[in-house]
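J.: got a predicted model here, sequence first, then my questions.
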Amino acid sequence: MTTEQEGRGPRFQSDEAIGEALTLLANAAQDRKPVTGWTHNFYRYPARFSPKFAAAAIGSFSRPGETVLDPYMGGGTVMVEGLVAGRKVVGNDLNSLAAFIAKVKTTALHTMEISAMKRWADREVSRFSYHRPSEQIAAYIDPLKTRNLSMARARFIKKAVAAALATIDNLPTRNAQDFARCVVLRVGQWALDGREKHTPLTDFRSKLTATAHEMLEALVILARRVQTTGGSATILNADASTLDQVSVFRDAGNRASLVLTSPPYPGVHVLYHRWQVDGRRETPAPYWIAGCKDGQGASYYNFGDRRESATDEYFRTSLMTLKAIRQVIRNDGYMIQMVAFNRPEEQLPRYLENMRAAGFTELPRTEASSAAQHSRIWREVPHRRWHAALNGKTHSANEVVLIHRPT
């Protein structure tokens, strides 16, 4: 696609058209239904937004065959919905766990791999036991990544997970092995994360078998849909500030027509990298199960640590990533974000200034005048397990949708 083609003008030919798109987006943002469908439930990734919101944004602000970018993709919601809608989706995340999950959720398995997975679920899972001698499973236990799994309610599941991981090496391909790891990851999260009671081995094994079949069925359905839409996915595991150096964007024709994302939130610290076990003790067990490398603590994934003094660092890091994103978005594209703030009265204007400095302009109110005198879309998010603020009440359970265009 040439620069001239990029400059063909707005995608919406009237105020009514943009108004309808914004109304659809607002309704989707307010949706409170549980996350379901396709492969979205392969893992409960923190701070994910709804598939309905992602689908509404992709359907209204991009066209089939165009590139959609999520620079902070998390659990891959945009990736899945983009595939279903026939887009070329590029997803990036600094967190290797996010990249692992998104890859499994968007990678079809061949018939041979599916058959091997069914045999694993029906035969191997029923045989493993945490009563196996420790020396037989010691090689599958990472002492650093299993921290706090020796606590009372976790230690038996730790051995059960290790026994499950010991059976995965026999699967025929890396894709099949990664899929099995994701099954164990999902069931491990169910058995350990925030669990107040010990999970019996029989329940763990039954859950593994049922979950494997459920996830296989979901993946097959997604693969069939993608065959008809022609969608494609590219998964990156990099710092978002380097996106302008990625080979996929060197061709101007691959620039994103839509950037759809939920970036780290200023002053809001999400446990992207930990589970909580036995009285909220944190464990990096997800990286053990997925076979991924961990980063450098919460500040590594949140653009800053929990201290108020880290806010400046957040905005410095955010600006660098936004400048890189501006280099890979089309001149007639859109950037749609869902973001929350610990102190919105201070941080929202500062974030908007970052957007201006990076080369973006917020969607004018007049351009959306038919959408009930459009104002920003806000939504309240219930039951989010966010670690926000050091003191006092926060506003971090309220998210706002920001819509920008390149300047």
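T.: Alright, I've got the coordinates. Residues are numbered from 1 along each chain as shown.
J.: so residue 315 is in contact with residue 357, correct?
T.: No - counting by Cβ atoms under 8 Å, residue 357 is not a contact partner of residue 315; they are 10.0 Å apart. C-beta: built from backbone N, CA, C; applies to glycine.
J.: between those two, which has more neighbouring residues?
T.: residue 315 (18 against 13; other Cβ atoms under 10 Å).
J.: report pLDDT for residue 342.
T.: What the model reports for residue 342 is a pLDDT of 84.
J.: hang on, it in a strand?
T.: No - going by DSSP: H, G, I helix; E, B strand; the rest coil, the assignment for residue 342 is coil, not a strand.
J.: how close does the residue lying closest to it once chain neighbours are set aside get to residue 311?
T.: Of all residues not flanking residue 342 in the chain, residue 267 sits nearest, at 2.7 Å (Cβ to Cβ, 6 or more residues apart in numbering). Using Cβ to Cβ, to the nearest Å, we find residue 267 at a distance of 6 Å from residue 311.
J.: common neighbours of the two, please.
T.: Shared contacts of residue 267 and residue 311, defined by Cβ atoms under 8 Å, 6 or more residues apart in numbering, comprise residue 347.
J.: so, low pLDDT: which residues of this structure?
T.: 1-10, 130-134, 296-299, 304-310, 365-374, 381-397 (pLDDT under 70).
J.: strands of that one, residue ranges please.
T.: Taking DSSP state E as the test, the strands found in the chain are 67-70, 88-92, 232-236, 256-261, 268-270, 275-277, 281-283, 329-340, 360-362, 377-380, 386-388, 398-406.
J.: which parts of the longest one are buried?
T.: Of the residues in strand 329-340, those buried under the neighbour-count criterion (16 or more other Cβ atoms under 10 Å) are 329-330, 333-340.
J.: which helices and strands does that strand pack with?
T.: helix 3-6, helix 51-61, strand 256-261, strand 398-406 (3 or more Cβ pairs under 8 Å, 6 or more residues apart in numbering; DSSP states H and E).
J.: give me the angle between that strand and strand 256-261.
T.: 10 degrees (axes from the mean of the first three to the mean of the last three Cα atoms, to 10 degrees).
J.: tell me which strands strand 329-340 pairs with, and in which orientation.
T.: strand 256-261 (parallel), strand 398-406 (antiparallel) (DSSP bridges).
J.: so which of these comes closest to residue 26?
T.: For residue 26, the closest of those is strand 398-406, at 7.7 Å, according to Cβ to Cβ.
J.: can you get me the centre-to-centre distance for the closest one and its chain?
T.: Remark: strand 398-406 is offset 18 Å from the chain centroid, using Cα atoms, centre = their mean, to the nearest Å.
J.: swap in stretch 176-187?
T.: 17 Å.
J.: the longest helix in this structure is where?
T.: helix 201-229 (DSSP state H).
J.: and that helix with strand 232-236, angle?
T.: 130 degrees.
J.: counting contacts, what elements does helix 201-229 pack onto?
T.: helix 77-84, helix 111-119, helix 125-127, helix 155-168, helix 174-192.
J.: looking at the ones you listed, which is nearest to residue 401?
T.: helix 77-84 (14.0 Å).
J.: would you mark the buried spots in the longest helix of the chain?
T.: Going by neighbour count (16+ other Cβ under 10 Å), the buried part of helix 201-229 is 201, 204-205, 207-209, 211-212, 215-216, 218-219, 222-223, 226.
J.: cool, and stretch 248-264?
T.: By 16+ other Cβ under 10 Å, the buried positions in stretch 248-264 come out as 248-249, 254-264.
J.: what's the answer for stretch 180-195, then?
T.: Those would be 180-193, 195, for stretch 180-195 by 16+ other Cβ under 10 Å.
J.: which of those lies closest to residue 165?
T.: Nearest to residue 165 among these: residue 184, at 6.5 Å, using Cβ to Cβ.
J.: how about that closest one: what's its closest non-neighbour residue?
T.: residue 164 (4.9 Å).
J.: now do residue 286
T.: Residue 286's closest residue in space is residue 97 (Cβ to Cβ, 6+ apart), at 5.5 Å.
J.: what number of residues lie near the one you found?
T.: Around residue 97 there are 26 residues (other Cβ under 10 Å).
J.: with residue 267 instead?
T.: Residue 267: 24 neighbours (other Cβ under 10 Å).
J.: likewise for residue 67?
T.: Count around residue 67 with other Cβ under 10 Å applied: 26.
J.: I figured it hits residue 254, correct?
T.: Yes - contact between residue 67 and residue 254 holds when scored by Cβ under 8 Å: they sit 5.5 Å apart.
J.: need the overlap of contacts for these two.
T.: Common contact partners of residue 67 and residue 254 (Cβ under 8 Å, 6+ apart): residue 88.
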